[in-house]
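**Q** take this sequence and fold it.
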Amino acid sequence: MKFCKSCLQPDTRPNSVFHSDGICPACKYHESLKDVDWEDRKSELEAIVSFGKANNHSGYDCIIGVSGGKDSLRQALFVKETLKMKPLLVSLGYPPEQVTQRGVENISNMISHGFDCVTINPAPGIWRDLKRKGFRQYTNSFRSTELALFSSVPKFAIAYQIPLIWWGENSALQLGETAILGKSGSDGNNLRKMNTLNGGDITWIISEEIKKNQILQYCYPSPEEMEQANLRITFLGYFWKDWSLVNNGIFSMLRGLEIRDDKPWEIGDPYGVTALDDDFVTFNQMIKYLKYGFGRVTDYVNEEIRNGLMTREEGISLVQKYDGTCSPYYIEKFANYIGITVREFWEQLDQSVNRDLFEKVSLGEYKPKFTVGVGL
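**A** You can find the predicted model right below:
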């Protein structure tokens, strides 16, 4: 395990390969921003806006996939007020046991800014069965959730003939997950190659109990379907100089966004502006940490370091304190949801802890072998 010499990105992030000088792809991209011709990028954005307006067959120029969080609100207001487009917001709803009241309030806040919003709610029983299956099979209950989240929006766009979709950040550029790189930095038509989507594979879901016609919202459109619909998925973050977790959070808080009031060690998040609609994400970040050696705090501090708002040493301190932490409350809540005991939760997770990176102290307690910022 090695860390980027500039930020705190470890080389264990899936689909990310460091450059020969020891710098991660995300830092290289950030460094390149100083040479960007923003007028050229603006022209590219204007051409995409024209595409959306020219293909308005439904009354809407575009779709924005939203959760009601910081990125969603900032994007939606930018598209409406700056780009002068008429967007339709599409949100994937979580079942009652998973969604937070804060998430519901934030969606309501978005709508109150004058947007039409459609919510898609997959059947809750199958949703829970798939979360249990993903956890039992891969120690990843979000394997099915991510499929539904990223598949339902393009499926809706195809069905309603709205060929332009705005997403937020390009994780290939801003996080270093290079597998999804498209024809340009704004091209999101390769999203299916994200590590969590695994090409849109649903074969692990299909069984005697669950047929394909029961999981339509989990089926990512094929490349042929997308081409036939002339679908264009575009990363809006590519066109902003100041896209970041914190900047989007501040912008949206000033426009009514409700954030978390948990302590940083309860959610592995020093700012509380992420995953506002879902408590289960919290323990999933802990699982990610035990698999790959980094969690959400690493993503926060990397942006801050690149933007010159935090030193690498300050980032190391935050990562050491909070990355991978999670309140037992959220673990028990999830265990109850999928019908297992907390001990069974830890026994399953124990099988997936990266033994190269962590030493087992006891069931549920693991000590990193690596030094943050240095590696193994």
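
**Q** beyond the lowest-mean-pLDDT helix or strand in the chain, next helix or strand please.
**A** Lowest on mean pLDDT, DSSP states H and E among the helices and strands of the chain sits helix 171-174, with a mean of 78. Next along the chain after helix 171-174, taking DSSP states H and E as the criterion, comes helix 223-228.

**Q** and that next one, what does it pack onto?
**A** helix 142-159 (3 or more C-beta pairs under 8 Å, 6 or more residues apart in numbering; DSSP states H and E). (C-beta placed from N, C-alpha, C; glycine too.)

**Q** buried residues in the helix it packs on?
**A** Neighbour-count burial for helix 142-159 flags 142-158 (criterion: 16 or more other C-beta atoms under 10 Å).

**Q** what does stretch 104-116 give?
**A** 104, 106, 107, 109, 110, 111, 115.

**Q** what's the closest non-adjacent residue to residue 94?
**A** Leaving aside its chain neighbours, residue 94 sits nearest to residue 278 (6.0 Å; criterion: C-beta to C-beta, 6 or more residues apart in numbering).

**Q** ok, the one you found touching residue 100?
**A** Yes: counting by C-beta atoms under 8 Å, residue 278 touches residue 100, with 6.6 Å between them.

**Q** quick check: the residue nearest to residue 94 vs residue 233, distance?
**A** Relative to residue 233, residue 278 is positioned 23 Å away (C-beta to C-beta, to the nearest Å).

**Q** can you check residue 116 too?
**A** 20 Å.

**Q** now stretch 107-119: how far from the chain's centre is it?
**A** 21 Å (C-alpha atoms, centre = their mean, to the nearest Å).

**Q** oh sorry, the question was meant for stretch 155-169
**A** 17 Å.

**Q** export that stretch to CSV, keeping only CA atoms.
**A** Backbone C-alpha positions of stretch 155-169 (Å, rounded to 0.1, in the frame of the first residue of the first chain) are rendered in CSV as follows:
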residue,chain,number,x,y,z
LYS,A,155,-34.2,4.0,-17.8
PHE,A,156,-36.6,6.8,-17.0
ALA,A,157,-34.9,9.1,-19.5
ILE,A,158,-35.3,6.6,-22.2
ALA,A,159,-39.0,5.9,-21.3
TYR,A,160,-39.9,9.6,-21.3
GLN,A,161,-37.6,10.6,-24.3
ILE,A,162,-35.5,13.1,-22.4
PRO,A,163,-32.0,12.3,-23.8
LEU,A,164,-29.9,14.7,-21.6
ILE,A,165,-29.0,13.6,-18.1
TRP,A,166,-26.8,15.7,-15.7
TRP,A,167,-24.8,13.9,-13.1
GLY,A,168,-22.4,15.6,-10.7
GLU,A,169,-18.7,14.7,-10.3
